[in-house]
Structures are given as C-alpha cells and as structure tokens.
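>>> Have a look at this prediction, sequence included:
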Amino acid sequence: MQMPQLGASTCLWRCRLALQLTAIHAVIRLEVANDVRTLRCTRGAIMKFGCLQRRRGFGLARLLDSGSIGCEPTSATCFAPPFMTYNWAMGLQMRHRRASPGSILALRFISPTGSNRRAQAGSKSQGVRLCRLPRLNSKINHYLEFYRMKFSRFAAMALTLGVATGANADWSQIQNEAKGQTVYFNAWGGGDAINAYIAWAAQEAKSRYGVEVRHVKITDAAEVVKRVQTEVSAGRKTDGSVDLMWVNGENFRNLKNGGLLFGPWAQNLPNWGLVDLNKPVRTDFSVPTEGFEAPWGTAQLTFIADSAKTPTPPRSAAQLLAFAKANSGRVSYPKPPDFHGTTFVKQLLIDLTPNPVVLQQTVTPAAFASATQPLWAYLDQLHPSLWRGGKTFAASAAEMHRMLGDGELKLSITFNPNEAANLIASKQLPATAYSFGFGGGTIGNVHFVAIPVNARAKAGSQVFANFLLSAEAQTRKADISVWGDGTVLDVAKLPAAAQATMRKTAPGALAEAVPTLPEPHASWVEALEAEWLKRYGAR
C-alpha cells in the first residue's frame, strides 16, 4: 500500500501499521513486504507512525542509543519520532527477512520537545540520515487502523498529540519515591525454599533500590484480605499494614470487587515487556486482572509418590478411588480451605462434572448443584478409605510430604512440579520419589502480587514487584536448586544462560508432559469450600 508523502522533508513509506490499544495493553503490527513483525508496549504508549521502508534486499531497523526508532537500510532515508522513548528493550533486531517475530519493546509517553526536531541519535549510527517527522495532523490517520478502541477520551487525545498521560507515571520518579520505604510483603511462609528466595530478593531490593522488604509469613491469604477489608472500613485509608501481598483466585476477586486494590500499575512496570502474554497473566481464575496485580510465577497441581512403594500411580479420579480402596488408610488430602486441599477438590470436580465448561462462568445455585453432584457422590465413596477413615485430614501439603517420607502415606500433593526434587535434595524424601499428573491434565494457574489500596509503600512495592519480574530474579526462582517455581517470562527473550537454567531438571521433578487445565471461575471456590465444610468439616 502506497502511503501519502506528507511533505518535502519527510520520507515516503510503504507499509501497513495496525494498532490495537486497550485500556491496559497495546499491540502494534508492522507489515513490510511479506514479513510481519510484532511490537508490544505498555499502557499509554505512543507508536511510531512509520515502518521499515519497503526495499528489495537487506534492510535493518534497530533501536538507536537515544531510544528513538530509526531504520538503516543499505542507503535510504529514515526517521526517529521526537516524542518516543523506551524504558526497556531486549534485542530489538528486526531484519527484513531474518528477524524473529515477537520482538518486544516497552514504551512510554514523554512530553514532546518539538514536533519537527531531528533525533539526536543520528550521529551515533554511521551512514544513517534522519528525516523529520511531520507535525501530527489528520493525514496520520492514513497510517493507522484501529481495532477494539477501549481507551478513555484523554488517552485517545494523548495518542493523537503524542503527549504524556498521567496514567503512566515516570518510573524514575517511582524509584526515587521508593528509596527508604519499608514494604511489608505478606506471603505464604510454609516452604523453606520459598522463604529463602524471598529473603534473597529482599536483600537485593535493599542494596539496589534502597527498599526495605519484610516478609510477613502467612498461612492463608484470605486472612490478609479480611485485614485489608477491616482497615479500610475503619477509615485506615493510607497507612495500611499490608504493602504487597502474594495472591490469586478468589482472594484477588474479593479485593478487586471491593475496590481494595491500588492500580492499575502492573503493566506499567518496565519488566512487563519480558512477560509471556501467551500465559494466563491477564486473567486470574477467569477474572480479568486489568493491571491490578503483577504475575510472579506459574504453578500446576502435581502428585508425588515413591517408586519403591508405588511403581504405578493413579492417573485419573476413577483410578485414584480404586487406589485408595486398595491402599486403605494410605491416602489423604489437606482439609479445605487449605489451598492444596481446595485445589485437590477442584481437580476432582473438573474430572467428574459432566460439563466442565460451566465452571468457567460465575457460579449460580442451579449450576453448582448440577456440576457438583458427581463430586459429592465420589467423596462419599473415597473418604472411608482415606487416612484415619476420612474423619481427620492432613493439616497441609508439607505434612503430607513428611508422611510420604515416613511411609505413612503413599501419595502427596504439591502445586510446584519441581518441589519433589527440592525435597529429595534436602533429604525429606527418598531418592526414589517422583512426580506425576493425571492423564487428562491437572489444574494450573499463575500466581501474582498485588498492592492494597491503603498500602503505605506503594512506590516501594512497585519497585520490588518489578525486580521480581526481572530476568535475574525469575531465573533464580526457576532454578530447581533454589525454588523451582515456574516463570511467567517468555523464555525465548532471555539470554542463553537464563534459558538453560529455566530448562534445567533434576531427579524427582515432573518429567512428563501433563496438560494444564484452567482454574474454575473464582466464584466457585467459596461455594465449594462452604459445601465441603458443611458435608465433611464436622467429622
């Protein structure tokens, strides 16, 4: 498609540029000849109004040192918009024929310093001649095709004029504000490897950014939600006791629906550009996150057994029932609302319900009664064969690991496919322990960090959350010898050494491919837990 020439001092471009901008996330598609390249940017980003010049032969577009976008064909005129900058970029090398699609560039608005000023980086790139971007006017519309416009009138005006939107705060200002703040990070404290990792991350935040992070070890995120609710209801609007919390699922839904979350902020983080958007990082138990929480890691329900005692494990709910009956008193699960116990019940529900699709929708009394009837019939058969006749349940997954190691149980559960490897390394389980999943798949999800609306250290929390999303922190977290928690980053964007660490495995870790099943909608969790406690909790 031939684009109009907008002035004598401008360049003539042959391309199609399509922009999709939602309230949180924007996507650009550049189509040059037969090549399609994708750039993603953070909320509020302004995109360049041009693309690679269509030429025969080799052409290279690259990120100039000043942060402007320029192009460097063999001999051609190119441009760099004066209003564009970047706060993170990794290997943006779009070759006319050889570049890999999906290169990421996180961008943000800056105030224009002159609509027609030449980019200052031109002299740093030998052989590159920069042409001026014409003043923005109606002709710019020839370059844009808008899809699903869901942004505010002010954001639309900012897109047209190339001016700053107040929604995307200057990151350096946030970092400066964060110095000296203390972040009370409320996170589960039931795992030694997790606690050690958080302690390391806190030390790094202190030395790098001057942010003090204190790990408040919790057992149930729902209790933290209640605390935030109580504080806000009592008028404690700005000096809450929780600055950052590890959260997902129904706890996130309750916080979001109650207006108890600060944000949106997550997709303004510089390291958001590293996130793998093919993972469910923008929904949490089918609830849109909309920038109110930042992804931290991935998890999947995994079973652990000892090959010396259980060479052939159960691979479905039906097989598990038969296994429990054949090994009476040697199977258990944590009592809901323990997280692992509730997840186990949800797994059985997905396996047994006649229509799993309904679980992705908000629960209704009729849908609940219909979908859960097979579950209760199953548990009525299972419980008599459980440890202590199903009258008492394991206190936690950690206790199940201990009981598996002692030979008291034949199975344990975890939400970390690499945890068995850590337990073997720490000699809590024998070397013959292994991980497995159901043949039809097991529940998997993303866990997040969120900032309560009344947090004191909002800036410090964002800085710490951004560090947790960094390639360094995510690589260390994924290392089986450290924690082994799954990454939320796109591994292909990381350096080779980081990729190797991400793919490292160890004896005991889940070695088989287990399909990941989506979590039910968050509204199902409380309904399931309430009914389970009504039926079995008093035993």
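Looks like it came in fine.
>>> Thr432: neighbouring residues, count only.
15 (other CB atoms under 10 Å). In short, each C-beta sits where N, CA and C put it, glycine included.
>>> From Ser307, how far off is it?
Thr432 sits 5 Å away from Ser307, going by CB to CB, to the nearest Å.
>>> Any stretches of the chain with poor pLDDT?
Residue ranges of the chain with pLDDT under 70: 1-169, 539.
>>> which stretches of it form helices?
In the chain, the helices defined using DSSP state H lie at 153-161, 171-178, 192-209, 221-233, 250-257, 317-326, 339-352, 365-382, 397-406, 419-425, 458-468, 471-478, 496-502, 523-536.
>>> Now render these as TSV, adding mean neighbour count and distance to Tyr184.
Listed next are those as TSV, based on neighbours: other CB atoms under 10 Å; distance: least, CB to CB, whole Å:
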stretch	mean neighbour count	distance to Tyr184
helix 153-161	15	33
helix 171-178	16	14
helix 192-209	17	11
helix 221-233	17	10
helix 250-257	22	16
helix 317-326	17	40
helix 339-352	22	21
helix 365-382	15	37
helix 397-406	20	24
helix 419-425	24	26
helix 458-468	26	9
helix 471-478	21	19
helix 496-502	14	30
helix 523-536	18	26
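>>> between these, which one is nearest to Thr442?
Nearest of these to Thr442, taken as CB to CB: helix 339-352 at 6.1 Å.
>>> so what secondary structure elements neighbour the closest one?
Helix 339-352 sits against helix 317-326, helix 365-382, strand 412-414, strand 442-450, helix 523-536, with contacts defined as 3 or more CB pairs under 8 Å, 6 or more residues apart in numbering; DSSP states H and E.
>>> relative to helix 365-382, how tilted is that helix?
Orientation of helix 339-352 against helix 365-382 (axes from the mean of the first three to the mean of the last three CA atoms, to 10 degrees) gives an angle of 100 degrees.
>>> Just the C-alpha atoms of helix 339-352, please, in CSV.
C-alpha atoms of helix 339-352 as CSV (Å, rounded to 0.1, in the frame of the first residue of the first chain):
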residue,chain,number,x,y,z
PHE,A,339,-5.1,-24.1,49.4
HIS,A,340,-3.8,-27.5,48.4
GLY,A,341,-6.9,-29.2,49.7
THR,A,342,-9.3,-26.9,47.9
THR,A,343,-7.3,-27.3,44.7
PHE,A,344,-7.5,-31.1,45.0
VAL,A,345,-11.3,-30.9,45.3
LYS,A,346,-11.4,-28.6,42.3
GLN,A,347,-9.3,-31.1,40.3
LEU,A,348,-11.8,-33.9,41.2
LEU,A,349,-14.7,-31.6,40.2
ILE,A,350,-13.2,-30.9,36.8
ASP,A,351,-12.6,-34.6,36.3
LEU,A,352,-16.1,-35.7,37.3
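>>> Which one, of the helices of the chain, ends up nearest to Asn445?
Closest to Asn445 of those is helix 339-352 (CB to CB; 9.0 Å).
>>> what angle sits between that closest one and helix 523-536?
Using the same axes, to 10 degrees: helix 339-352 against helix 523-536 is 100 degrees.
>>> Domain map for this protein?
With domains defined by automatic domain parsing, the chain comprises 16-161, 171-294+448-482, 302-444+518-536.
>>> who touches Ala465 in this structure?
Leu244, Ala266, Leu269, Ala294, Trp296, Val449, Ile451 (CB atoms under 8 Å, 6 or more residues apart in numbering).
>>> picking up where we left off before, would TSV of the helices and strands packed on helix 339-352 with distance to Asp276 be doable?
Listed next are these as TSV, based on distance: least, CB to CB, whole Å:
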stretch	distance to Asp276
helix 317-326	30
helix 365-382	31
strand 412-414	22
strand 442-450	10
helix 523-536	25
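>>> before we move on, the earlier item: any chance of the helices of the chain in TSV, with distance to Phe438 too?
Formatted as TSV, the helices of the chain follow (distance: least, CB to CB, whole Å):
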stretch	distance to Phe438
helix 153-161	45
helix 171-178	43
helix 192-209	25
helix 221-233	26
helix 250-257	23
helix 317-326	8
helix 339-352	7
helix 365-382	14
helix 397-406	17
helix 419-425	16
helix 458-468	31
helix 471-478	24
helix 496-502	25
helix 523-536	19
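>>> Which of these sits closest to Pro288?
helix 250-257 (8.9 Å).
>>> I am finished for the moment; much appreciated.
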